[in-house]
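1. Give me the fold of what follows.
(2 chains)
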Amino acid sequence: MHPFTLSRAIDSASAISAAQDPHLAFIAGGTDLIGLMKDRAARPERLLDINGLPDMDHVEPTSDGGLRIGALARMSDVAADVEVRRRFPVISESLLFAASGQLRNMASMGGNIVQRTRCPYFRDEDGLPCNKRQPGSGCSARYGLNRTQAIFGWSDDCVATHPSDVAVAFAALDANVLVHGTTGERSIPFTEFHCLPGNTPERDNVLRRGDLIVAIEVPARIEGRASYYLKVRDRQSYEFALVSTAVAVAVNSGRIMSARLAMGGVAHKPWRLTATEGELRGLSLSDVDALKAAIATSFTDARPLAHNGFKVELGQRVALRAVQIAGGRA
Amino acid sequence: MTENDATQAESNGRVQVNMIVNGSARTLTVEPRMTLLDALRDELGLTGPKKSCDRGECGACTVHIEDRRVLSCMTLAAMHNGQRITTIEGLERDGQLHPVQEGFIEYDGFQCGFCTSGQIMSAVAMIEEAKAGWPSAATTDVSQSFSVSDLSDVEIRERLSGNLCRCACYPNIVDAVAHAIRRS
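-> Here you go, the predicted structure:
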């Protein structure tokens, strides 16, 4: 790793102020940032350790049935939290299907949602062309090995996917990201937090310089209890998703009253299946043909690359099974 | 570290870290970029934690920080001032091997042995996680409570998936850990 200095943040106001420096990066769990520094995909000159900031590492059930998840809470603690498991199994499962036991003990929730893509060209130590790593250098994946890349929302400048699993669950549940910045506190709807690549793929999300993620807030959802995360990957454990789906449903007498679906591994951000959600309403969980047709409505704009056409079919099958399993929990 | 310490650290580039390592107070002076793994191996001579992938992909560097299993290659030594670190060298008690260590010997849980310290440190903490009621990706219904008696072979495999064994000694590793769970 390149040399850098390290200091420890005392309070959030001074952390936000220090982070006006474009060469300073916050570090919490470090499980993504240290890998990026080793791969020379990040070269901060100063690290500010934010682990000591007060009141940011708890999971608090809110009185209305929602959750407030502190940004410094560790993935493993959130996954094991009894209220998270009871109110939103999909959050616990999406965390447990990610990384390994060791990494989940280290990685913070705030860091999880800002982790950078696992695109092998972006991570390449030898610096192959990558617009995310070096804007204007080109996208090696567009016509290169792109089996793991996006099928929705990509641009010629970047075809990368977002690697977080729990972000997919948060998108499905319409959570909010609570941020402290120079202009005070603001709440960002989760589905607007991550960006599509467009012609600025170096930008992953809408955070501004100095912004500190304080918490992720999940409002009460009638669909929360009957929720499920299904992840398909090249090996059964300890691997990023090829395709995943977070589903939460409300069911009455075997019929879907409302549904929330988002997919991972298919786009530069968690990909919400809005059209499908509308089509699922009123369908019987046992009418497989109708469920398939409803899911297909969100795949009409899929644009597979040379090597990932399988994700279009796989994605629909994963979504179907996830709806069926979540429905079975109602 | 206070802000003053930080300022001082910036002037000479190295920072002082006090840690309790395997029960003993140790003071190190390290560059901020030194990982905990390199500090343990190169500064303290604790070569039990192994450097294999150095990217958080293999688990060979697993140690405990405050009794939780972590990857020492993916964290900076200077971020652990005042914390308690345990490596494989600190696992035995009064000359007695930990039940997981005994299980590895009894069930032949290794071939080349390079991943073994990471496997054992991971398994020891994993059993404690199960005792605390933590579910895993192999748990059918995470909304239900979990107890250590639910640690099936499938559960053990899932919970130890962060430790790779290039000799593919997995069946014996699972047997060794299951043995330790029965004994604990």
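
2. pLDDT on stretch B:121-134, on average?
-> The average pLDDT for stretch B:121-134 rounds to 98.

3. Need the pLDDT of the one residue in the stretch 151-300 of chain A that gets nearest to chain B.
-> The nearest approach of the stretch 151-300 of chain A to chain B comes at A:Ser237, 3.6 Å away (C-beta to the nearest C-beta). To be clear about C-beta, it is placed using only N, CA and C from the backbone, and glycine gets the same treatment. With respect to pLDDT, A:Ser237 has a value of 94.

4. And the pLDDT for the nearest residue to it once chain neighbours are set aside?
-> Closest residue to A:Ser237 apart from its sequence neighbours, by C-beta to C-beta, 6 or more residues apart in numbering or on different chains: B:Ser161 at 3.6 Å. On the pLDDT scale, B:Ser161 is placed at 98.

5. rewinding a little: using the three-state scheme, assign the residue of the stretch 151-300 of chain A closest to chain B.
-> Classification of A:Ser237 by DSSP: H, G, I helix; E, B strand; the rest coil places it in coil.

6. My understanding was that it contacts B:Asn163; is that so?
-> No: contact criterion C-beta atoms under 8 Å: A:Ser237 and B:Asn163 do not qualify, at 11.0 Å.

7. what about the strands in the stretch 201-330 of chain A?
-> Secondary structure of the stretch 201-330 of chain A (DSSP state E, counting those that start in this stretch): strands at A:212-218, A:227-232, A:243-252, A:255-264, A:271-272.

8. quick one: the fourth one near chain B?
-> Right, the one you point to is strand A:255-264. No: judged by C-beta under 8 Å from any C-beta of the partner chain, strand A:255-264 stays clear of chain B, getting no closer than 14.7 Å.

9. ok, and for that strand, which residues are buried?
-> Within strand A:255-264, the residues that count as buried by 16 or more other C-beta atoms under 10 Å in any protein chain shown are A:Arg255, A:Ile256, A:Ser258, A:Ala259, A:Arg260, A:Leu261, A:Ala262, A:Met263, A:Gly264.

10. Grab the nearest non-local neighbour of the third one.
-> Going back to what we said before, that points to A:Ser258. Nearest to A:Ser258 is A:Ala250, by C-beta to C-beta, 6+ apart, at 4.8 Å.

11. neighbours of the nearest residue to B:Gly23 once chain neighbours are set aside, just the number please.
-> Distances taken as C-beta to C-beta, 6+ apart place B:Gly90 nearest to B:Gly23, at 6.2 Å, with adjacent residues excluded. Look at B:Gly90: counted by other C-beta atoms under 10 Å in any protein chain shown, it has 19 neighbours.

12. Okay, now stretch A:160-170: how far is its last residue from its first?
-> With C-alpha to C-alpha, to the nearest Å as the measure, the first residue of stretch A:160-170 is 20 Å from its last.

13. So what's the gap between that stretch and the chain middle?
-> Distance of stretch A:160-170 from its chain centroid, counting by C-alpha atoms, centre = their mean, to the nearest Å, is 2 Å.

14. go on, stretch B:177-184?
-> So, by C-alpha atoms, centre = their mean, the centroid of stretch B:177-184 is 18 Å from its chain's centroid.

15. Spatially central residue in chain B, please.
-> B:Val63 (2.6 Å; C-alpha atoms, centre = their mean).

16. Am I right that A:Glu60 falls within a strand?
-> Yes: with three-state DSSP as the criterion, A:Glu60 is assigned to a strand.

17. And it, how close does it get to A:Arg147?
-> Separation of A:Glu60 from A:Arg147 (C-beta to C-beta, to the nearest Å): 41 Å.

18. what's the answer for B:Asn18, then?
-> Distance from B:Asn18 to A:Arg147, by C-beta to C-beta: 48 Å.

19. ditto for B:Ser117
-> 35 Å.

20. What of B:Leu28?
-> When B:Leu28 is compared with A:Arg147 (using C-beta to C-beta), they lie 44 Å apart.

21. Comparing those two, which residue is more hemmed in?
-> Set B:Leu28 next to A:Arg147 and count neighbours by other C-beta under 10 Å: B:Leu28 wins out with 19 against 14.

22. beta partners of the more buried one?
-> Per DSSP bridges, the residues bridged to B:Leu28 are B:Val17.

23. Just confirm it contacts B:Arg14, I think it does.
-> No: applying C-beta under 8 Å as the test, B:Leu28 and B:Arg14 come out as separate, 9.4 Å apart.

24. The residue in chain B positioned nearest to chain A: what's it in contact with?
-> Across chain B, the shortest distance to chain A (C-beta to the nearest C-beta) belongs to B:Gly162, at 2.4 Å. B:Gly162 is in contact with A:Ala99, A:Ser100, A:Gly101, A:Gln102, A:Leu103, A:Tyr238, B:Gly59, B:Thr62, B:Leu71, B:Ser122, counting by C-beta atoms under 8 Å, 6 or more residues apart in numbering or on different chains.

25. One more: B:Glu158?
-> Applying C-beta under 8 Å, 6+ apart, the residues near B:Glu158 are A:Ser237, B:Ser136, B:Ala137, B:Ala138.

26. Provide the secondary structure category for the residue of chain B closest to chain A.
-> Applying three-state DSSP: B:Gly162 is coil.

27. I'd like the strands of the stretch 201-330 of chain A written out as TSV, with mean pLDDT and distance to A:Val166 added.
-> Shown next, in TSV, are these (pLDDT from 0 to 100; distance: least, C-beta to C-beta, whole Å):
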stretch	mean pLDDT	distance to A:Val166
strand A:212-218	98	9
strand A:227-232	98	9
strand A:243-252	98	9
strand A:255-264	98	9
strand A:271-272	98	15
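
28. follow-up on the earlier one: can you report how many residues lie near the residue of the stretch 151-300 of chain A closest to chain B?
-> Look at A:Ser237: counted by other C-beta under 10 Å, it has 18 neighbours.

29. do A:Asp287 as well
-> 14.

30. The longest helix along chain B - contacts with which helices or strands?
-> Ranked by residue count under DSSP state H, the longest helix found in chain B is helix B:116-131. Judged by 3 or more C-beta pairs under 8 Å, 6 or more residues apart in numbering or on different chains; DSSP states H and E, the packing partners of helix B:116-131 are helix A:101-106, strand B:62-65, strand B:68-71, helix B:99-106, helix B:153-159, helix B:170-183.

31. Recalculate using a threshold of 10 Å.
-> Here helix B:116-131 touches helix A:101-106, strand B:62-65, strand B:68-71, strand B:84-86, helix B:99-106, helix B:153-159, helix B:170-183, going by 3 or more C-beta pairs under 10 Å, 6 or more residues apart in numbering or on different chains; DSSP states H and E.

32. export the ones you listed to a markdown table and tack on distance to A:Met1?
-> Shown next, in a markdown table, are those (distance: least, C-beta to C-beta, whole Å):
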| stretch | distance to A:Met1 |
| --- | --- |
| helix A:101-106 | 17 |
| strand B:62-65 | 19 |
| strand B:68-71 | 15 |
| strand B:84-86 | 20 |
| helix B:99-106 | 33 |
| helix B:153-159 | 30 |
| helix B:170-183 | 32 |
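
33. No further queries at this time; thank you.
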